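Colleague: Sequence first, then the predicted structure, then my questions.
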Amino acid sequence: MGPVRQLCYVSTANEPASDQHLTEMLGRAKLRNSGAGVTGMLLYVGRNYCQALEGPRAEVRAIFEKIAKDARHRDMHVVLETGGSVRDFPDWSMGFLRGDPATLGLDSAIDLTGVAPSRFERVLGDGGALKSLLKSFYRANH
């Protein structure tokens, strides 16, 4: 396996995402990602998306740029971008978790509904902490 590019970002949905919307979006992502050799994990909490993408550099960048142009969300921030040789989500074309602070083991007094990604980043820490959260879900469900 060649070099792996890992990119994690957060953004805010313009409107709350319904279960149907998330299911459809996840289905499209799985098809697109598996065709591009990209794996990853998507977390939706409150109205925030947190996604980790990993795979060949050009494919990860192309998928990210397409996501960045999607008008259904705003305030996109890359919180981690790095290279390596090992994937964290090797057999998930796109894992998914919809959660709330309690589900994620965060302080239950913290309300993440509709918060700005910059605050979401402060709650979860740096990109490494976000990646660790996503990886812990992967390990628990794999």
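Modeller: Perfect, thanks for sending it.
Colleague: which intervals of the chain have sub-threshold pLDDT?
Modeller: Across the chain, the ranges flagged by pLDDT under 70 are 1, 100-130, 133, 137-138, 140-142.
Colleague: Spell out for me which residue occupies the centre of it.
Modeller: Residue closest to the mean C-alpha point of the chain, counted by CA atoms, centre = their mean, is Q51 at 1.0 Å.
Colleague: out of everything not next to it in sequence, what's closest to that one?
Modeller: What sits nearest to Q51 in space, not counting adjacent residues and going by CB to CB, 6 or more residues apart in numbering, is L42, at 4.7 Å. Backbone N, C-alpha and C define where each C-beta goes, glycine included.
Colleague: Would you map the helices across the protein?
Modeller: Listed in chain order, the helices of the chain (DSSP state H) span 19-36, 57-68, 117-124, 127-140.
Colleague: Is D88 in contact with L134, as I believe?
Modeller: Yes: counting by CB atoms under 8 Å, D88 does reach L134; the two are 7.4 Å apart.
Colleague: overlap in contacts of those two?
Modeller: Residues touching both D88 and L134 (CB atoms under 8 Å, 6 or more residues apart in numbering) are 41, 52.
Colleague: count of residues packed around S85?
Modeller: S85 has 8 neighbours, counted by other CB atoms under 10 Å.
Colleague: got the phi/psi numbers for it?
Modeller: Backbone geometry at S85, expressed as degrees, to the nearest 10, gives phi -130, psi 0.
Colleague: what do you get for the one 3 residues further on?
Modeller: Dihedral angles phi and psi of D88 (degrees, to the nearest 10) take the values phi -90, psi -20.
Colleague: What residues does it make contact with?
Modeller: Residues near D88 by CB under 8 Å, 6+ apart: 6, 41, 52, 54, 131, 134-135, 138.
Colleague: tell me the contacts of the spatially closest residue to G2 that is not a sequence neighbour?
Modeller: Closest residue to G2 apart from its sequence neighbours, by CB to CB, 6+ apart: P56 at 6.7 Å. The neighbourhood of P56, defined by CB under 8 Å, 6+ apart, consists of 2-5, 36-38.
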